[in-house]
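# This is a predicted model, with the sequence first.
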Amino acid sequence: MTGLKPIIVPKNSNYLAVFLSLSCNMKCSYCINYFEEGNFPKQRISGADWVKGLNRIVSRDDVPLTLQGGEPSLHPDFIYIINNIKEDLQIDILTNLKFDVDRFIKEVDPDRLNRNAPYANIRVSYHPEQMDLDQLIPTALKMQDAGFRVGVYGVLHPTQTELVNKALKRCRELGIDFRPKEFLGHYNGNTYGTFLYPGAIDKKFEKECLCRTTELIIGPSGDVYRCHHDLYENFPPIGHILDPEFQMEDTFQICKVYGHCNPCDIKIKTNRLQQYGHTSVEINFP
Ligand code: SF4
Ligand code: SF4
């Protein structure tokens, strides 16, 4: 491992987010990457560097690496990365499935993406304003027939609830695991989502707090961030995946921008064991 210390995932950690690319081949109007300005980093490290950095991680079977974006398949070494992550790390993928699935099926072993979890390892987001269900369904079925576990998730944006519910019915009839997903954020003056800390995402004030995360957030440049807000707004990172000394720390850190949190960090959701009531971060006020 050439002088890079193993990164031990703390007991408390729940999620390892690997943002291979924050670029996307779609443009959803409610994309959470643009919750504020979307000033996120555009540079990417190579597949070889990703493999070097990720293979330092020592995790547990129920805390996989989740390859995501943007659209993770836009990384030119997407398949190389999947095929070279060490066997004892589990892999999940969040994608819009707009990639060359024939090549994927040919080059990736479905057993590599088949951990035992109460949800599919390849989770596809369905966005009716940008995607054609008549194309998505055969693609998802093709992946399933090839042995991959694929689930489709539809965001219940207030303007698209009906379309998502129709897609849910159609997909389930065809044997595709379709799950509705709560819309997070603001629309027409209303806030959507269930959040533990009132006002945290409202962007109306900035307050100092102490914040502790249960997640590892690695951006496309290999930089590690405290939270999704810091990633999307390009705040100073707390480390780099290729820094030989980098370690995950299960500690509270000072944050001065409480009030501008990203919904992903503050939302009440299910944890990796599908238990409801979890939030990614814990916040205290001095
Ligand atoms: S597919 Fe996801 S990442 Fe891409 S624009 Fe839509 S919401 Fe954003
Ligand atoms: S308080 Fe909000 S913005 Fe600050 S570190 Fe925590 S989640 Fe991120």
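Looks like it came in fine. If you're wondering where the values come from, they're calculated on a predicted model, not measured in any experiment. Residues are numbered from 1 along each chain as shown. Ligands and ions are numbered 1, 2, ... in the order given.
# Listing partners with orientation, what would you give for the helix or strand of the chain with the lowest mean pLDDT?
Among the helices and strands of the chain, strand 269-270 carries the lowest confidence by mean pLDDT, DSSP states H and E, at a mean of 76. As defined by DSSP bridges, the strand partners of strand 269-270 come to strand 276-278 (antiparallel).
# can you list the residues that contact the partner strand?
14, 214, 268-271 (CB atoms under 8 Å, 6 or more residues apart in numbering). Where you see a C-beta, it was placed from the backbone N, CA and C, and this is true even at glycine.
# and which of these is nearest ligand 1?
Ligand 1 has its nearest neighbour among the contacts of strand 276-278 in K269, at 17.0 Å by CB to the nearest ligand atom.
# need the contact list for the closest one.
Taking CB under 8 Å, 6+ apart as the criterion, K269 is in contact with 276, 278-279.
# OK, contacts around the residue lying closest to N116 once chain neighbours are set aside?
Nearest residue to N116, sequence neighbours excluded (CB to CB, 6 or more residues apart in numbering): D61, at 7.8 Å. Counting by CB under 8 Å, 6+ apart, D61 touches 90, 115-116.
# Which helix or which strand is home to D61?
Under the assignment given by DSSP states H and E, D61 is not contained in any helix or strand.
# got it, and R179?
Assigned by DSSP H and E, R179 belongs to strand 177-182.
# Can you list the strands that that strand pairs with?
By DSSP bridges, strand 177-182 pairs with strand 150-156 (parallel).
# export the strand it pairs with as CSV, just CAs?
What follows is strand 150-156, C-alpha atoms only, in CSV (Å, rounded to 0.1, in the frame of the first residue of the first chain):
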residue,chain,number,x,y,z
VAL,A,150,-31.4,-3.1,-9.2
GLY,A,151,-33.9,-0.8,-7.3
VAL,A,152,-35.5,2.3,-8.7
TYR,A,153,-36.2,5.3,-6.5
GLY,A,154,-38.6,8.1,-7.5
VAL,A,155,-38.4,11.5,-5.8
LEU,A,156,-41.8,12.7,-4.7
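# List buried residues within the contacts of K269.
Buried subset of those (neighbour count, 16 or more other CB atoms under 10 Å): 278-279.
# Which one among the contacts of K269 sits at the bottom for pLDDT?
For the contacts of K269, the model is least confident at Y276; its pLDDT is 77.
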